[in-house]
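J.: Got a predicted structure here, sequence first:
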Amino acid sequence: MSDERADHTPIGNVELEFDEDTLRRIRERVLQAEKEKLNLETPRGINNEIEQILREEVN
């Protein structure tokens, strides 16, 4: 990853490659975040949470 990318660059504008372990970890974290929101009457903020998970894994 290049350090030129700012923290607020949309992830959709960056080409990323992950190994299998990282992909598995991302899937598990996203699934857990979704499960936590599942029981809420009005689940809000899941997209922000997923984006944060991706940013943490990229960095």
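T.: On my side now, so go ahead.

J.: For the rest of this, base every contact and every neighbour count on C-alpha atoms.
T.: OK.

J.: which is the next helix or strand following the helix or strand where L23 lies?
T.: For L23, the host element (DSSP states H and E) is helix 20-38. As assigned by DSSP H and E, the chain's next helix or strand after helix 20-38 is helix 46-58.

J.: Any buried residues in that next one, and which?
T.: 50, 53-54 (16 or more other Cα atoms under 10 Å).

J.: circling back: so for the helix holding L23, what's the average pLDDT?
T.: Helix 20-38 comes out with an average pLDDT of 92.

J.: Return the alpha-carbon coordinates of that helix using CSV.
T.: C-alpha atoms of helix 20-38 as CSV (Å, rounded to 0.1, in the frame of the first residue of the first chain):
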residue,chain,number,x,y,z
GLU,A,20,-6.7,-15.6,2.2
ASP,A,21,-6.1,-15.1,6.0
THR,A,22,-6.9,-11.4,5.7
LEU,A,23,-10.0,-12.1,3.7
ARG,A,24,-11.2,-14.6,6.2
ARG,A,25,-10.6,-12.1,9.1
ILE,A,26,-12.5,-9.4,7.2
ARG,A,27,-15.4,-11.7,6.5
GLU,A,28,-15.6,-12.8,10.2
ARG,A,29,-15.4,-9.2,11.5
VAL,A,30,-18.1,-8.0,9.0
LEU,A,31,-20.4,-10.9,9.9
GLN,A,32,-20.0,-10.2,13.6
ALA,A,33,-20.8,-6.5,13.1
GLU,A,34,-23.9,-7.5,11.1
LYS,A,35,-25.0,-10.0,13.7
GLU,A,36,-24.7,-7.3,16.4
LYS,A,37,-27.0,-5.0,14.4
LEU,A,38,-29.5,-7.8,13.4
